[in-house]
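[1] Here is a sequence with its predicted model. Questions after.
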Amino acid sequence: MTEFFRIERPYFDPAASEARFFYSLNDLSFTEVLTFPTVPDLAASESAAFEKLLGLTALVLGVSYFKLRAPLSIEAPDIPLTEAERAFVIDVYENGLGEFYARNELARFGKLTLSAPDDAQPRKDAIDLPERTLLPIGGGKDSLVSVDLLTHTGVPFTPFAVNPKGPILSSVEAIGTDPVYVTRTLDPEMIRLGKEPGFYNGHVPSTAINSMIASLCALLFGYDQIVLSNERSASEGNVVFDGRETNHQYSKSLGFELLIGDTLSNATGGALKYFSLLRPYSEARIASLFTKERKFDSVFSSCNRNFRLTGHDGALWCGVCPKCHFVFLIFAPFMAKDRLLRIFGKNLLDEPKNEHSFRELAGLTGQKPWECVGEILEAAACFYTLSRHADWHEDAVVKAVKADLFAQYGEEKLQLAMAECLTDSHDHHIPPALAAKVSAYAV
Ligand SMILES: CC(=O)N[C@H]1[C@@H](OP(=O)(O)OP(=O)(O)OC[C@H]2O[C@@H](n3ccc(=O)[nH]c3=O)[C@H](O)[C@@H]2O)O[C@H](CO)[C@@H](O)[C@@H]1O[C@H](C)C(=O)N[C@@H](C)C(=O)N[C@@H](CCC(=O)O)C(=O)O
Ligand SMILES: Nc1ncnc2c1ncn2[C@@H]1O[C@H](COP(=O)(O)OP(=O)(O)OP(=O)(O)O)[C@@H](O)[C@H]1O
């Protein structure tokens, strides 16, 4: 039997504020449900643009079910697509799942087929969206730096999150503005099968998924821009597999931002904007910007262990994962030591058992971890700064890596790398007026 994955036409019930997405994988069927806040204007879901975004959302959310077998054939018989939308969907199923293919050793690049009717009537008329900003909040440093930048440049915004928990809830409470929260219920049978023999499991492009859900909210609740908090370091990949660079954070990359930004804009006749406010910045620069505002210190966390579907165990920072180590490392050059130790509850750079993990982050061994961590050279540059810093140079891990760090990179390269980290890039798609205000504040 030739295996296939079919994405059915999704269904939105405005009275229940609920969207349902239906999938078939060979003889298996799955349903995913999104529950939105009460929709103020039921007509908002009747536009052709909403129908278009709902169809595209069905395609993007499908990756979770597709990955159980990753067949070569994807069918969407009732979801018409333009050529550009087809390219967008293939990008999500190829590059968005790049880590999944690399770790399962599945050769799928360039081999997937997407069968869907042609959309002969691409949208030309802009729909009417008020000038309002939806700001996805991940509970970590990045989106909270965006909060600070928007606040100080006088741009009001509404926090947005999918399945908020732990640090997202506490951060939004500290922001003090009413949020838009969406509940996403994955089909439990998919999660069960993902642990069974005969099925694959692995990473999915969560930012693409959350962004499509945000786009539905933009139309339902009236927002003309979705502002992401994706840093420039997110564009660096992890390993080359099957002839392509694969990237754990692919749907946070600049390339994907452009693709999804165009897709959302075209679907709404140019009404809906999508860009990342933090694209000019390295992770180190974002860490330095975070130090400006203290009110999130005790409520935020960048540790992804908080965001498992089953909830979290209450500890904001696990202290053992690569993401905790990376965030500690990039904060250290910029934040007073006692403040950083209060946030993490301990000194991760003074625990010898963490040395191997820190070496991976700085490119001194192994490969870049499959995690949301910054560039290798950025981590190395932070270590260089710490090796010359009165507060940090005696700490166990800093002392242990210093000789290898200097031998591998050389002092000049490390100095240049730090200067580069602190230089803002012009390769971004922030509207010019906002970009000017933000760069005036973020000195
Ligand atoms: C929280 C987390 O990091 N989870 C990753 C982890 O999954 P785990 O099994 O430990 O727990 P759950 O997240 O609860 O997942 C249970 C199963 O459900 C599958 N699943 C989950 C969400 C979904 O949308 N679709 C699904 O099919 C999942 O595969 C499990 O079988 O390991 C998984 C395998 O590597 C990862 O896929 C989980 O990652 C989540 C989807 C997730 O939301 N991760 C973000 C925190 C994340 O990694 N963000 C990236 C950006 C990625 C991007 O391209 O946008 C980042 O911050 O770098
Ligand atoms: N559950 C969620 N709902 C909506 N948006 C989210 C969610 N989780 C993350 N995001 C958004 O996705 C993007 C990438 O998330 P990421 O985890 O990098 O950001 P963060 O949590 O703000 O910072 P950090 O990298 O320190 O964890 C950000 O714009 C973030 O706001």
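    Structure's in. What do you need? Everything numeric in this text was worked out from a predicted model, so none of it was measured. Ligands and ions are numbered 1, 2, ... in the order given.
[2] Next, the buried residues of stretch 302-313.
    302-307, 312 (16 or more other CB atoms under 10 Å). No exception for glycine: its C-beta is placed from N, CA and C like everyone else's.
[3] Return only those of those residues found close to ligand 1.
    304, 307 (CB under 6 Å from any ligand atom).
[4] just the buried residues of stretch 302-313 now: which is nearest ligand 2?
    Using CB to the nearest ligand atom, residue 302 is the member of the buried residues of stretch 302-313 that lies nearest ligand 2, at 3.1 Å.
[5] SS state for the closest one?
    The three-state assignment at residue 302 reads coil, by DSSP: H, G, I helix; E, B strand; the rest coil.
[6] can you redo the buried residues of stretch 302-313 as CSV with distance to residue 131 and pLDDT?
    CSV is the format used below for the buried residues of stretch 302-313 (distance: CB to CB, whole Å; pLDDT from 0 to 100):
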residue, distance to residue 131, pLDDT
302, 31, 93
303, 35, 92
304, 33, 82
305, 37, 84
306, 33, 78
307, 31, 77
312, 36, 62
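[7] Export the buried residues of stretch 302-313 to TSV and append columns for distance to ligand 2.
    Formatted as TSV, these follow (distance: CB to the nearest ligand atom, whole Å):
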residue	distance to ligand 2
302	3
303	8
304	7
305	11
306	9
307	7
312	12
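[8] Now name the helix or strand holding residue 23.
    Element membership for residue 23 (DSSP states H and E) is strand 18-25.
[9] Quick one: list the elements packing against the helix or strand just after that strand.
    Toward the C-terminal end, the helix or strand that comes next after strand 18-25 (DSSP H and E) is strand 28-35. Where contact means 3 or more CB pairs under 8 Å, 6 or more residues apart in numbering; DSSP states H and E, strand 28-35 is packed against strand 18-25, helix 63-66, strand 180-185, helix 188-193.
[10] can we see that at 6 Å?
    strand 18-25, strand 180-185 (3 or more CB pairs under 6 Å, 6 or more residues apart in numbering; DSSP states H and E).
[11] Parallel or antiparallel, which strands does that strand pair with?
    strand 18-25 (antiparallel), strand 180-185 (antiparallel) (DSSP bridges).
[12] so which of the ones you listed is the most packed in?
    Each of the strands paired with strand 28-35 was scored by mean neighbour count; the highest is strand 18-25, a mean of 20, by mean count of other CB atoms under 10 Å.
[13] Write out the residues of the protein neighbouring ligand 1.
    Within the chain, the positions adjacent to ligand 1 are 64, 186, 191, 194, 201-207, 209, 248-252, 304, 307-310, 372 by CB under 6 Å from any ligand atom.
[14] Among these, which are located in strands?
    Assigned to strands by DSSP state E, none of the residues of the chain next to ligand 1 qualify.
[15] Buried among those residues? Make that a ChimeraX selection.
    In ChimeraX syntax, the buried subset of the residues of the chain next to ligand 1 is picked out as below (16+ other CB under 10 Å):
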select :64,186,201,202,203,204,205,206,207,209,248,249,250,251,252,304,307,372
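[16] any idea how far the residue in the chain positioned nearest to ligand 1 is from residue 92?
    Proximity of the chain to ligand 1 (CB to the nearest ligand atom) peaks at residue 372, 2.5 Å away. Plainly put, residue 372 is 18 Å away from residue 92 if you go by CB to CB, to the nearest Å.
[17] now do residue 384
    Residue 384 is 37 Å from residue 92, by CB to CB.
[18] Can you pick out the residue with more neighbours from those two?
    The neighbour comparison of residue 384 against residue 92 (other CB atoms under 10 Å) goes to residue 92, with 27 against 24.
[19] For the stretch 101-250 of the chain, give me the ranges with low pLDDT.
    The stretch 101-250 of the chain contains residues with pLDDT under 70 at 122-124.
[20] Apart from its neighbours in sequence, what residue is nearest residue 117?
    By the measure of CB to CB, 6 or more residues apart in numbering, the closest residue to residue 117 outside its immediate chain neighbours is residue 80, 4.5 Å from it.
[21] meant to ask about residue 24, not that
    Nearest residue to residue 24, sequence neighbours excluded (CB to CB, 6+ apart): residue 6, at 4.3 Å.
[22] How about residue 195?
    residue 201 (7.0 Å).
[23] still on that earlier bit, can you name the residues in contact with the strand holding residue 23?
    5-8, 10-12, 30-35, 58, 61-62, 65, 68-69 (CB atoms under 6 Å, 6 or more residues apart in numbering).
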